[in-house]
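**Student:** For reference, the sequence and a predicted model appear below.
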Amino acid sequence: MKNFFLLIVLFINLSLNAQCWKSVSSGDDFCVAITTDGRLYAWGHNDTGQLGIGSVEDKRAPAQVGADSDWDAVSAGSGFVVALKTNGTIWVWGRNDFGLGGGSGTTSTIPLQVGTDTDWRFVSAGGAHSLAIKSNGTLWAWGRNTFGQLGNGTFTNSNVPVQVGTDTNWKTATIGTFHSLALKTDNTLWSWGYNFWGQLGQGTSGFGTELSVPTQITGIGTNQWKYISTGGIHSLAISQDGSLWVWGNNQTNALGLNDAELYKARPTKINEATDWKMVVGGRNHTLAIKENNTLWGWGENAYGQLGDGSVLNKVVPVQISATTNWTSFDGGEKHSAFLNGGAVLTSGSNAFGQLGIATTANHNTPQTVSCPALGIKDHAKMPFVIYPNPVTEILHLQNSKNIEIDAIQIVDLTGKILIKNSENVSSINVQQLQHGMYLLQIYSGEEKFEFKFVKS
């Protein structure tokens, strides 16, 4: 009965909140996300400027990164972020102790462009290094290279992108704390970097087994891979037949094999299921989605980062929710972020506000992150401004051009009128509204202005 109740609460929570998010990425103790209209938001820990908001102040709720609305993809690393715009440019911000990619050694609290190229199509951030792929299929890397994780045959850090070999058929890439994995268009899988726990999947482990150039993972099938991911020090991949393979560190059961071995140096099939669709690794836990869009998790769960309603580690995959609309996810150090349709939900540690729910309380079930305002018209051209948004008690209306108002009303997303006022007012009490998204409609003559707002 308890689990059923939690599912009902989750369903109601999703239903009452706007579906405004396009993607989400988790750093070690912060999150970044892009809205469906191309704006970028961040929340959580901000000690190295990783939120990109021009300060080092932590944020417990989404704060907008600049004012641009042309963000296409974003990847959060350990104290820094790499993002891609729709014009093919790369931008970075946050810690810069090993090379942020912008050519300087200074930490940046606002987005800094990497070079001037406009042909980037993919980015990924890790422990202290980044990978990117250009439209011509070439692979590039920058940042820390102590263990050869840049893949350019050296162990020298780089603050600007350096090309990884000369191949032009790289498809996607993923980064752990100190190692890298990449998939080519021919579905072959390659690894390089740190390998103490066998996370490269080459059958070796321990000091001295690092690889400074991409090396193909063989022995399972030459061209059989379709999805890859990395945790902090473990690796994950889904083969063409839908089976899930794991390797690397297993001390917290992040591999989900339910055995006593501390690591696996070769890809090992997790079970006999052949319906795995997506997988992602957190620092010491793993999340996955099946073809029926159900959500599963295993590994470390001391802070509730699996979102299954407990704080117990899981040694095998357990289903997190009975809902079947999960579309994406990402794991941080001790928290997770999920995308359900267009809603972002988070669970786990919240010491720095990394759950984005305006508190610092931990949660072991997914909590919905409120949407920022998504205006129906271009707010910059409108004579009205509403604030705060989200709102808890009083919604204020600023009429900057003193336009004559005939009527003001608030409706739900079905069009039902909940509050109506025929007077020219500057504030509206919305305490009686349930949590969720609503429309504020302003009528002036034959004109109608609309704003979306969230009641929190």
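**Tutor:** Nice, thanks for sending it over.
**Student:** ok, the closest residue to Tyr194 other than its chain neighbours - contacts?
**Tutor:** Using C-beta to C-beta, 6 or more residues apart in numbering and skipping the chain neighbours, the partner closest in space to Tyr194 is Phe178 (3.5 Å). C-betas here are computed from N, CA, C, even on glycine. By C-beta atoms under 8 Å, 6 or more residues apart in numbering, the contact list for Phe178 reads Gly126, Gly127, Ala128, Arg144, Thr146, Phe147, Gln149, Gly193, Tyr194, Ile233.
**Student:** could you redo the last one with a cut-off of 6 Å?
**Tutor:** Contacts for Phe178 were tallied using C-beta atoms under 6 Å, 6 or more residues apart in numbering; they are Gly127, Phe147, Gln149, Gly193, Tyr194.
**Student:** Distance check, it against Leu262.
**Tutor:** 18 Å (C-beta to C-beta, to the nearest Å).
**Student:** Show me the shaky parts of the stretch 351-456 of the chain.
**Tutor:** For the stretch 351-456 of the chain, the stretches flagged by pLDDT under 70 are 373-382, 413-414.
**Student:** Quick one: the helices in the stretch 1-150 of the chain, in order.
**Tutor:** Along the stretch 1-150 of the chain, counting by DSSP state H, counting those that start in this stretch, helices occupy 2-16.
**Student:** which residue ranges form the strands in it?
**Tutor:** If DSSP state E, counting those that start in this stretch is used as the criterion, the strands of the stretch 1-150 of the chain fall at 21-26, 30-35, 40-44, 59-64, 71-76, 80-85, 90-94, 108-113, 120-125, 129-134, 139-143.
**Student:** between the ones you listed, which one is nearest to Gly208?
**Tutor:** strand 129-134 (20.3 Å; C-beta to C-beta).
**Student:** Please name the bridge partners of the closest residue to Ser422 other than its chain neighbours.
**Tutor:** Spatial nearest neighbour of Ser422, chain neighbours left out: Ala407 (5.2 Å); criterion: C-beta to C-beta, 6+ apart. Per DSSP bridges, the residues bridged to Ala407 are Tyr443.
**Student:** I'd like to know how far Ala407 sits from Ile417.
**Tutor:** Between Ala407 and Ile417 the computed distance is 10 Å (C-beta to C-beta).
**Student:** higher neighbour count, those two?
**Tutor:** Remark: of Ala407 and Ile417, Ala407 carries more neighbours, 14 against 10, as counted by other C-beta atoms under 10 Å.
**Student:** For that one, give its distance to Lys448.
**Tutor:** Distance, Ala407 to Lys448, by C-beta to C-beta: 10 Å.
**Student:** now Asn258
**Tutor:** Separation of Asn258 from Lys448 (C-beta to C-beta): 60 Å.
**Student:** same check, this time on Thr172
**Tutor:** Per C-beta to C-beta, Thr172 is found 45 Å from Lys448.
**Student:** So which of the two has more stuff around it?
**Tutor:** Legend: neighbour count by other C-beta under 10 Å for Thr172 and Lys448, higher for Thr172 (17 against 12).
**Student:** so who does the more buried one touch?
**Tutor:** Per C-beta under 6 Å, 6+ apart, neighbours of Thr172: Leu183.
**Student:** Just say helix, strand or coil for it.
**Tutor:** With DSSP: H, G, I helix; E, B strand; the rest coil as the basis, Thr172 sits in strand.
**Student:** Report the beta-bridge partners for it.
**Tutor:** Beta-bridge partners, per DSSP bridges, of Thr172: Leu183.
**Student:** From here on, call the first residue 42.
**Tutor:** In the new count, where the first residue is 42, that last one comes out as Thr213.
**Student:** Quickly note the distance from it to Gly68.
**Tutor:** Thr213 sits 20 Å away from Gly68, taking C-beta to C-beta as the criterion.
**Student:** Could you do Asn228 as well?
**Tutor:** Distance of Asn228 to Gly68, given as C-beta to C-beta: 29 Å.
**Student:** for Gly192, same thing?
**Tutor:** Applying C-beta to C-beta, the value for Gly192 to Gly68 is 22 Å.
**Student:** now that we have the contacts of Phe219, which one has the most neighbours?
**Tutor:** Using other C-beta under 10 Å as the neighbour test, the contacts of Phe219 are led by Gly234, with 30 neighbours.
**Student:** Tell me the pLDDT of that residue.
**Tutor:** Note on Gly234: pLDDT of 98.
**Student:** Over to the one 5 residues further on?
**Tutor:** What the model reports as pLDDT for Gly239 is 98.
**Student:** check contacts around the closest residue to it other than its chain neighbours.
**Tutor:** Nearest non-adjacent residue to Gly239, counting by C-beta to C-beta, 6+ apart: Ala306, 3.1 Å away. By C-beta under 6 Å, 6+ apart, the contact set of Ala306 is Gly239, Gly244, Ser246.
**Student:** Apply 8 Å and report the result again.
**Tutor:** Contacts of Ala306 (C-beta under 8 Å, 6+ apart): Gly239, Gly242, Gln243, Gly244, Thr245, Ser246, Trp288.
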